[in-house]
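Engineer: Build the 3D model from these lines:
(chains A and B)
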Amino acid sequence: MSRARQVMILLLTLVFCVAGFSSLALAKRQVVLEWTTWHVNEKAQVEFMTDIINAFKKENPGVDIKLTGNPWSEYFDKLQVRMAGGDHPDIFACSQDNFTRYYQLGFTEALDRYIKMSKYDGKFIDVADLTKINGRTYGIVYLTLPFTLIYNKAMFDRYGLKPPTTPEEMIEVARKLTIPGEQYGYSGSIDPSNPSDFYTEILVWTIGYGGKLARNGLPTINEPQNVEAITMLKKAVDAGIMPKGIDRQVYRKMQLAGKIAMLVDGPYYFDWVREESEQAFKELDSAPIFFPNKAVRTYTVYQCVSKGSKNKAIAAKFLEFMLKPEIQEQFVPRVKQVPAVKGSTPANWVKNNPWYHGYEEVKHASVVPEGLELYTEDMKKLIARYVGDVFVSDKPVKQALDECQAAMIELLKTRGYKFPTKK
Amino acid sequence: MSRSSLYTRLVRIAYPYLLIAPAMIAIIVLIILPIIQGVAMSFFATMFGEKAPFIGFNNYLRMVRSPDFLHVVWITLVYTFVSVIGCFVIAMAIALLSNANYRGRVVARVIMTTPWAIPEVAACLIWGWILNYEYGVLNHILKAVRLIAEPVGWLQNPKVALATVLGVTLWKIFPLSAVVLLAGLQSIPEHLYESARIDGGNNLQIFRYVTLPSLRPISSILILLTTIWSFRRFTIIWVLTQGGPSLATETLVVGVYRSAFKSFDMGYAAAMAVVGLLLSSLITFVYLYYQSRTESV
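Structural biologist: Numbers count the residues shown, from 1 in each chain, chains lettered A, B, ... in the order given. So this is what the prediction gives:
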């Protein structure tokens, strides 16, 4: 081989080595986080999350965040399977329903090492914050979904009606708005074949009557407030004001078509309606829920750092970044969901979007049984099984709730649950 | 014996096993090992993704003590039994009709297989709408012809939900059985029918003494397969009712899925799956034993 060729080969080798080391060095300097969520199919959420990521990257060069995930229906199954297999995303979204389970399975990292959580004391909205366990915080409240009354004000105006303020009033108003087979005054998920949606509707009423399905780790399914609540719901169903055998997706579309006057849903519903029909959006309004205590079921979404993350500190830093006022104040305007920090919604935005007023003065209530969060899915199944009999077989409400209570206690015993001792 | 002839002999013995080895490895890895793992899991208090303590037969005891367990087993047996018998009867009727010689027979046969050709989930979603309480076309037609005064909650009423799910199941599964039986009918030698007619047999007698016995081998396999498939059917039940209302349509398979992926109770789900495996094995064994006894007679 000629000398010139030898030198050429040596130089090329050196160039490749330098390039290789550079990219290795660059790769080492660049941190890539994975943030997984179920919002990946929601355009407004993806745009908002991408903007949050870009804002964080601007302040933290060398950090990249990839947004991944699956739609809601597949998200939890897939997340659990991958995490059980040791493949952990850095940050993952979870809900009240399953946060406690993920904590028990060891999926969540305590954030107190990385974030001074005490500076946020009293700043989060008043929902049951499950993320604090034994004095340590395992997740950040990302957003909440209060569910209040949404009504078709055009229909109400036609009949000269006002939004109801009590359940009895609601039934009366709905009766006036109902033409069986054509339009209905109210709609909710009263089909126990879908335990999740049925449980959601039951909560609307039990929370409204001040009831809880569990208190401090003890089931209270058959407490008097719940009996009263379900009795009133049964009365509403028997009044013929609600279409039967319809799931939530269908009755939302029915309201869009002006076939349903009232339903209970979250503020994101208005965004969806607006995308489907500007006219339908103009006809809708929100109002305080029709229970005197104004308590509404509020679904909470958390963001957690995975225990298996290799970049826990940066992931925690990103979660704290989302709590900045300039990020928090964008939640309602951009994704129509209520942020973690109280008072974040800009006053001028509310003024320019009057449909939001029904969500302002709500009293938030958790969707999971207090102290029995681990057994939420079992609770849903039992509620569908026993309370469902009230609506499909006309079983007396007290009897159904007593049976449900007994079944829940029996289930907890068979699971080895340690019942709290009464003080 | 020379080395080369020993080698040749060894190769000749090992060769068939080498040929079936890939399939056997796949069966062992994908079927046998998971079954063994499932059985093992049923003796632990396994929750999703976490190591769990050994609890012996506690999961099985919990199952037996559960007030709903016997109900679920009963629903499973009823669902399986009615699916198998119903499917066979309907399939036989359709196969006999399809075997007759008439104009448009080919078109009729194609239409007959349509339920089987439609994807299961899509079919169940459509049926969900046909059976809808408020807007379903079935209630609308029945009300129009005054067969019912009020809509029927086909999927909401626990008294009729199981029958409704069975109806949809039979609609979905009969075509395959009909096609298999039709193939069997067409393989019956014509001279058997001619002899029977010459001997003075009527249609019912010909069916009983010629057709049915000739179809016995194919029917045995068909009934066995339908039993196994019905025992483990999930999609139709889950899409239509999710095992409800009030456990009216909850079979063992639906219960296993709910325990494993909704309640994350993998150990208990594994125990239920083991019971399901034992039950289906028992049914299969009893059936094959009965078949072998009948054949030997």
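Engineer: use CA for all of it now, contacts and neighbours both
Structural biologist: Will do.
Engineer: tally of neighbours for residue B:292?
Structural biologist: By other Cα atoms under 10 Å in any protein chain shown, 11 other residues sit near residue B:292.
Engineer: Quick check: which ranges of chain A have low pLDDT?
Structural biologist: A:1, A:16-29, A:126-129, A:422-423 (pLDDT under 70).
Engineer: tell me which parts of it are close to chain B?
Structural biologist: Within reach of chain B by Cα under 8 Å from any Cα of the partner chain, chain A has these residues: A:77, A:80-81, A:83-85, A:105, A:181, A:191-194, A:243-246, A:375, A:377-378, A:384-386, A:388-389, A:392-393, A:414.
Engineer: From these, keep the buried residues only.
Structural biologist: Those of the residues of chain A next to chain B that meet the buried threshold are A:80, A:83-84, A:105, A:191-194, A:243-246, A:375, A:377-378, A:384-386, A:388-389, A:392, A:414, by 16 or more other Cα atoms under 10 Å in any protein chain shown.
Engineer: Any residues of chain B in contact with chain A? List them.
Structural biologist: So chain B meets chain A at B:48-50, B:62, B:132-134, B:153, B:155-158, B:241-247, B:261-263 (Cα under 8 Å from any Cα).
Engineer: Now the buried members of those residues.
Structural biologist: B:48-49, B:62, B:132-134, B:153, B:155-158, B:241-247, B:261-263.
Engineer: if you look at the residues you listed, which of them are in helices?
Structural biologist: Secondary structure from DSSP state H places B:62, B:158, B:261 of those in helices.
Engineer: export those residues to CSV and tack on distance to residue A:274?
Structural biologist: Converted to CSV, these look like this (distance: Cα to Cα, whole Å):
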residue, distance to residue A:274
B:62, 51
B:158, 39
B:261, 35
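Engineer: closest to residue A:99 among those residues?
Structural biologist: Nearest to residue A:99, judged by Cα to Cα, of these is residue B:261 at 15.1 Å.
Engineer: Do I have it right that that closest one meets residue A:77?
Structural biologist: Yes: at 7.1 Å, residue B:261 and residue A:77 qualify as touching, with contact defined as Cα atoms under 8 Å.
Engineer: For the closest residue to chain A within the stretch 101-250 of chain B, give me its contacts.
Structural biologist: Of all residues in the stretch 101-250 of chain B, residue B:246 sits closest to chain A, at 4.2 Å by Cα to the nearest Cα. For residue B:246, the contact set (Cα atoms under 8 Å, 6 or more residues apart in numbering or on different chains) comprises A:192, A:193, A:384, A:385, A:386, A:388, A:389, B:158.
Engineer: Residue B:240 contacts residue B:155, correct?
Structural biologist: Yes: between residue B:240 and residue B:155 a contact is recorded at 7.3 Å, counting by Cα under 8 Å.
Engineer: Overlap in contacts, the two.
Structural biologist: residue B:165.
Engineer: count of residues packed around the nearest residue to residue A:88 once chain neighbours are set aside?
Structural biologist: Once flanking residues are discounted, residue A:88 sits nearest to residue A:308: 5.4 Å by Cα to Cα, 6 or more residues apart in numbering or on different chains. Residue A:308: 18 surrounding residues under other Cα under 10 Å.
Engineer: Residue A:308 belongs to a strand?
Structural biologist: No: with DSSP: H, G, I helix; E, B strand; the rest coil as the criterion, residue A:308 is assigned coil and is not in a strand.
Engineer: so it makes contact with residue A:107?
Structural biologist: Yes: with contact defined as Cα under 8 Å, residue A:308 counts as touching residue A:107 (7.3 Å).
Engineer: Relative to residue A:183, how far out is residue A:171?
Structural biologist: 14 Å (Cα to Cα, to the nearest Å).
Engineer: Counting neighbours, go ahead and name the busier of the two.
Structural biologist: residue A:171 (23 against 19).
Engineer: mind putting the contacts of residue B:246 in TSV, distance to residue A:89 and secondary structure included?
Structural biologist: Compiled in TSV, these are given as follows (distance: Cα to Cα, whole Å; DSSP: H, G, I helix; E, B strand; the rest coil):
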residue	distance to residue A:89	secondary structure
A:192	35	coil
A:193	34	coil
A:384	34	helix
A:385	36	helix
A:386	39	helix
A:388	38	helix
A:389	42	helix
B:158	43	helix
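Engineer: Any chance of CSV for those residues, columns distance to residue A:228?
Structural biologist: Output for these, formatted as CSV (distance: Cα to Cα, whole Å):
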residue, distance to residue A:228
A:192, 19
A:193, 23
A:384, 18
A:385, 19
A:386, 16
A:388, 16
A:389, 16
B:158, 25
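Engineer: Now for residue A:58, which secondary structure element holds it?
Structural biologist: Following DSSP states H and E, one finds residue A:58 within helix A:43-59.
Engineer: quick one: buried residues of that helix?
Structural biologist: For helix A:43-59, a neighbour-count test (16+ other Cα under 10 Å) marks A:44, A:45, A:46, A:48, A:49, A:52, A:53, A:56 as buried.
Engineer: element containing the closest residue to the fourth one other than its chain neighbours, please.
Structural biologist: Think residue A:48. Once flanking residues are discounted, residue A:48 sits nearest to residue A:334: 6.9 Å by Cα to Cα, 6+ apart. When elements are assigned from DSSP H and E, residue A:334 belongs to helix A:331-335.
Engineer: By proximity to chain B, which residue of the stretch 201-350 of chain A wins?
Structural biologist: residue A:245 (5.3 Å).
Engineer: how close does the residue of the stretch 251-400 of chain A found nearest chain B sit to residue B:195?
Structural biologist: Closest residue of the stretch 251-400 of chain A to chain B, Cα to the nearest Cα: residue A:385 (4.2 Å). According to Cα to Cα, residue A:385 stands 59 Å off from residue B:195.
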